[in-house]
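Asker: mind folding the following:
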Amino acid sequence: MKKITFEIETITPMFLSGADQSKAELRAASIKGLLRFWWRAMQAGTEVDRLKKAEDKIFGSSDETVGGSTFSIRVTQPDKTPVPSYPNPGRNDPVGYHFYSVFMQRGKERSYFREGSKFNIILFSRQEQYLKDAAASLWALLYLGGLGTRSRRGAGNMVVTNLEEGGETLNDTGLDFIPKGNNAEEIAEWLMKNYNAAKKLINNNKTVFISEYSNLSFARFVISNTHFNSWKDALGAAGFKAFRDNNKSRIYETASFGFPVIHRTTPTTVTGKAGGEPYARRSSPIIFKVIKAGNKFYWIVIRLSGEFLPDGGVIKANNTQKTQKPDYGIIDEYWSELKSNGTEYILSMPDSLKDIIGKIRKEYDPQKIILFGSKARGDFHSRSDTDIAVESEKQLPTSTLNGALDMINLKTAEVSLKKIIDKEGVVIYERKN
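Answerer: Now for the predicted structure:
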């Protein structure tokens, strides 16, 4: 039996429990479920049935013909005694806003593991490849996600401090679990390099845009330009509370950050509906994180791909018949604010988009190529076109390429279209010099 032991430290409070919500508890089953999610997100496969079979083969299934998991997880409980309840700093505090659902039920205390708690995650497998699959999924969970309630808002963030045993199994993978970098640029490079190493272990096949579920087929992140002395300062500096406070009246649009959204003053609860069926919950397409390198803290906000609701889905409120299509425009507005204090990087790009870039470079010698529209925003459906703006001195074709690619020349585009491209576009190629 091969194994790898990861020594882990919490960076931000971790609200994780079992059936008894008042008792903080670290459970292997919770971790395995999240490893499955991140494995699927990195796979980003189009053939859902084939993907499900491959996933079940690694992580196990209740289907007796499939069998159990190819690897096991053991966790040690954190060294610090759980705190009975997180002190409510109030909604006026940026961190309190991020964690607000923890305080919603009055009289019900929510125990948690405080920042700085240390514990071990041990992965076991008889086959080295499955152990590497599990390790790659764990890397994504640690550095792209988090554990427990409000993990998409910055809670439950962790860092590996040491590989105690079995780390040599990963020597030939290029995968590094201990963050390195003296500044934001170096940390961003560390993240992208190691994501690619993890992705290669999970899926080395040709990739395309995937819409059916939350995934990393096309993903990007913004990291703060400056470091902070504490996780609280870093998370608060992402400015999410101030942005939401300034847009309180946009109750349908703000649901794009995830729902349900509960407006207590009205009172109004905003949820979704698709195909005549109610959707009570949709997780946020953006993930807030704090990453720690040495004694420096940085905020990071990650943007995932995947349709927000099935095609034709709408946002609705409980006290009115009005509905509205999901609108990622408000996310683009917040993203623009993030970039005023941080730098954007592309974490992953599908091979199909890389092929398009290669063809455009060869035929039109562009100064710049920009992805815009739903593929850039992340809320595309399976039938969505790929919208490309090209800055080139050469004349571009007026028709689409390959039927699903709409390409326009940025130099001759109308002002109204340029504004849209400026708001939601992502530069995917820029010629040096």
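Asker: where along the stretch 101-250 of the chain do the helices fall?
Answerer: For the stretch 101-250 of the chain, helices defined by DSSP state H, counting those that start in this stretch occupy the ranges 128-144, 184-202, 231-236, 240-245.
Asker: out of these, nearest to Pro310?
Answerer: The closest of the helices of the stretch 101-250 of the chain to Pro310 is helix 128-144. By C-beta to C-beta, the value is 24.8 Å. Backbone N, C-alpha and C define where each C-beta goes, glycine included.
Asker: where does the prediction get shaky in the stretch 251-400 of the chain?
Answerer: Counting by pLDDT under 70, the ranges of the stretch 251-400 of the chain that qualify are 398-400.
Asker: would you map the helices across it?
Answerer: 329-339, 351-364, 374-377.
Asker: could you say which of these is packed most deeply?
Answerer: helix 374-377 (a mean of 23; mean count of other C-beta atoms under 10 Å).
Asker: list of residues touching that helix?
Answerer: Under the criterion C-beta atoms under 8 Å, 6 or more residues apart in numbering, residues 209, 218, 328, 331-332, 353, 380-381, 384-387, 424-426 lie in contact with helix 374-377.
Asker: how about stretch 146-161: buried residues?
Answerer: By neighbour count on 16 or more other C-beta atoms under 10 Å, the buried set for stretch 146-161 is 146-160.
Asker: need the helices of the stretch 101-250 of the chain in a markdown table (columns: distance to Gly60 and mean neighbour count).
Answerer: Formatted as a markdown table, the helices of the stretch 101-250 of the chain follow (distance: least, C-beta to C-beta, whole Å; neighbours: other C-beta atoms under 10 Å):
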| stretch | distance to Gly60 | mean neighbour count |
| --- | --- | --- |
| helix 128-144 | 11 | 22 |
| helix 184-202 | 17 | 19 |
| helix 231-236 | 34 | 22 |
| helix 240-245 | 37 | 16 |
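Asker: what would those helices look like in CSV with mean pLDDT and distance to Asp406?
Answerer: CSV is the format used below for the helices of the stretch 101-250 of the chain (pLDDT from 0 to 100; distance: least, C-beta to C-beta, whole Å):
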stretch, mean pLDDT, distance to Asp406
helix 128-144, 96, 30
helix 184-202, 97, 28
helix 231-236, 97, 38
helix 240-245, 94, 31
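Asker: ok, which of those helices comes nearest Ser117?
Answerer: Here helix 231-236 is closest among the helices of the stretch 101-250 of the chain (C-beta to C-beta), at 12.8 Å.
Asker: what packs against the closest one?
Answerer: For helix 231-236, the elements it packs on are helix 94-98, strand 286-293, strand 296-305, judged by 3 or more C-beta pairs under 8 Å, 6 or more residues apart in numbering; DSSP states H and E.
Asker: let me have those in JSON lines, extended by mean neighbour count and distance to Ser340.
Answerer: Formatted as JSON lines, the helices and strands packed on helix 231-236 follow (neighbours: other C-beta atoms under 10 Å; distance: least, C-beta to C-beta, whole Å):
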{"stretch": "helix 94-98", "mean neighbour count": "20", "distance to Ser340": "17"}
{"stretch": "strand 286-293", "mean neighbour count": "23", "distance to Ser340": "16"}
{"stretch": "strand 296-305", "mean neighbour count": "24", "distance to Ser340": "13"}
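Asker: can you put those in a markdown table and add distance to Asn171?
Answerer: A markdown table is the format used below for the helices and strands packed on helix 231-236 (distance: least, C-beta to C-beta, whole Å):
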| stretch | distance to Asn171 |
| --- | --- |
| helix 94-98 | 38 |
| strand 286-293 | 22 |
| strand 296-305 | 27 |
